[in-house]
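**Q** Predicted model and sequence follow; I will ask about them next.
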Amino acid sequence: MVSLKWGDFLSTLLPGAVALFAVAPYFARLNAIIQNLNAAGPVTGLMLLIAAALAGGVLEAVTRITWERFWLMRQCKPVDALSKLTPENLDLYERGVQSSYKHVTFYANFAWATSLLLASHLYQGGTLLSIGTLILILTIAILLCASDRQWRYYVNYQNKIFGPRSTDAKERSAGGNEIDIRK
């Protein structure tokens, strides 16, 4: 059984629902369902939920392949927390992922979903200088900035929990000479 946590719901399903709405005009059957949601039964609702989760998974892949790799990791490199995981600090690691990292991916995934909304808006006749277009562009910029900021919080948390310990690092003596305390 797959466990669903709030962070997973937030980072995947909600942006996936926005993306599904954004691409609906390009798929006649999906658009008909979206346009008449009140008539959708439980099976259709379940299928929309699954489709939103899958769309969110695609957005998550875009985040991992592009945003995380080419922007976040280059701007602020995290400590290698996985190699320092122990049974004692596993809960702290999971807490950091659920309370911070999932917000990083939520903001980025929501930015990509909003980009799809922007493309859909423009394709359907929206103008570049309309209020709707400007709102969507501003929203994308804010979400990407929020993702970057949240990433920095996450990396700071990781560094505090999994950063070098005095038993792993060199310490400076009072005379300024470096000594290796592992000897």
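**A** Alright, I've got the coordinates.
**Q** where in the protein is pLDDT low?
**A** Residue ranges of the chain with pLDDT under 70: 1-4, 164-183.
**Q** ok, 50 please
**A** Applying pLDDT under 50 to the chain picks out residues 165-183.
**Q** What segments of it are strands?
**A** 170-172, 178-180 (DSSP state E).
**Q** List the contacts of Ala113.
**A** Contact partners of Ala113, counting by Cβ atoms under 8 Å, 6 or more residues apart in numbering, are 15-16, 18-19, 22, 55, 59. The way it works is simple: take the backbone N, C-alpha and C, and place the C-beta from them, glycine included.
**Q** Buried residues of stretch 17-26, list them for me.
**A** 17-24 (16 or more other Cβ atoms under 10 Å).
**Q** Actually, stretch 109-119.
**A** 109-118.
**Q** what number of residues lie near Leu48?
**A** Using other Cβ atoms under 10 Å, Leu48 has 18 neighbouring residues.
**Q** For Trp151, see how far away the most centrally placed residue in the chain is.
**A** Centroid-nearest residue in the chain, with Cα atoms, centre = their mean: Thr105, separated by 0.5 Å. Thr105 sits 10 Å away from Trp151, going by Cβ to Cβ, to the nearest Å.
**Q** follow-up on the earlier one: in contact with the residue nearest to the centre of the chain, which residues are there?
**A** Thr105 touches 11-12, 60, 63, 147, counting by Cβ under 8 Å, 6+ apart.
**Q** one step back: take the buried residues of stretch 109-119 and lay them out in TSV including distance to Ser100.
**A** Listed next are these as TSV, based on distance: Cβ to Cβ, whole Å:
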residue	distance to Ser100
Asn109	15
Phe110	16
Ala111	17
Trp112	20
Ala113	21
Thr114	21
Ser115	23
Leu116	26
Leu117	26
Leu118	27
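**Q** Which single one of those is nearest to Gly41?
**A** Ala113 (25.5 Å; Cβ to Cβ).
**Q** any idea how far Leu49 is from the closest one?
**A** 16 Å.
**Q** from the middle of its chain, how far away would stretch 53-70 be?
**A** For stretch 53-70, the separation from the chain centroid amounts to 8 Å (computed by Cα atoms, centre = their mean, to the nearest Å).
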